[in-house]
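Visitor: Structure here, sequence nowhere to be found:
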Ligand SMILES: [Mg+2]
Ligand SMILES: [Zn+2]
């Protein structure tokens, strides 16, 4: 709240996909030992933090609904991911995951439920926020809530919705966003 103005000013947020964006996508991951953080991710998160962006993970984890692992395993992976990032001086502010599959949930990307919850729970200003992800569902998520979606992958065969921008890595995508969009 700006004092005396009556205007609530929410925080800007970077909504980050997990698998394939922050860490290697090696299938359904329910074991913290399988975490492999991608190169440059810590630097990207530090740059986002310095620019005033909350770092909020939004990840589809249908391995829960499929019975491959439980929600405590998802939480354990997130705790270990945060621990490893902290060793590199980086941090994440919140984790949201969708545990569902083939149900009518409102949170499995590209449905906007996880972002809607984050906005409500964390006083996020969507108009100053952005999505980073490696798949079409991430870019469709960004479109669903009307914010830029930056595709970070090197897949030659990408066939999803047209992203706001495309970069080979999260670090490159964040650099572009902070230099050309946020600035
Ligand atoms: Mg992904
Ligand atoms: Zn869901």
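Guide: In hand now; what should we look at? Just so it is clear, the structure is predicted and the values come from calculations on it, not from any experiment. Ligands and ions are numbered 1, 2, ... in the order given.
Visitor: ok, and the closest non-adjacent residue to the closest residue to ligand 1 within the chain?
Guide: At 3.4 Å from ligand 1, residue 20 is the closest residue in the chain, using C-beta to the ion. Where C-beta positions appear, they are placed from N, C-alpha and C, glycine not excepted. Counting by C-beta to C-beta, 6 or more residues apart in numbering, residue 20 lies nearest to residue 134, which is 3.7 Å off, once chain neighbours are set aside.
Visitor: burial of that neighbour, as a residue count?
Guide: Residues near residue 134, counting by other C-beta atoms under 10 Å, number 25.
Visitor: Contacts only, for residue 68.
Guide: Counting by C-beta atoms under 8 Å, 6 or more residues apart in numbering, residue 68 makes contact with 28, 30.
Visitor: Could you give the bridge partners of residue 13?
Guide: Beta-bridge partners for residue 13, by DSSP bridges, are residue 54.
Visitor: That one touches residue 57, doesn't it?
Guide: No. With contact defined as C-beta atoms under 8 Å, residue 13 does not reach residue 57; the gap is 10.9 Å.
Visitor: More neighbours: which of these two?
Guide: Set side by side, residue 13 and residue 57 show more neighbours around residue 13, with 28 against 22, by other C-beta under 10 Å.
Visitor: how far away is residue 134 from residue 109?
Guide: Relative to residue 109, residue 134 is positioned 12 Å away (C-beta to C-beta, to the nearest Å).
Visitor: Kindly apply the preceding question to residue 79 instead.
Guide: Counting by C-beta to C-beta - residue 79 and residue 109 are separated by 22 Å.
Visitor: neighbour count winner among the two?
Guide: Higher neighbour count among residue 79 and residue 109: residue 109, with 25 against 12, using other C-beta under 10 Å.
Visitor: Quick check: which helices or strands does the top helix by length along the chain pack against?
Guide: Ranked by residue count, the top helix of the chain under DSSP state H comes out as helix 71-87. Packing contacts for helix 71-87, counted by 3 or more C-beta pairs under 8 Å, 6 or more residues apart in numbering; DSSP states H and E, involve helix 41-50, strand 94-98.
Visitor: now whatever helix or strand comes next after the last one, how far from the chain's geometric center?
Guide: Read that as strand 94-98. Proceeding N to C from strand 94-98, the next assigned helix or strand is helix 113-122, under DSSP states H and E. On the basis of C-alpha atoms, centre = their mean, to the nearest Å, the separation between the geometric centre of helix 113-122 and that of its chain is 12 Å.
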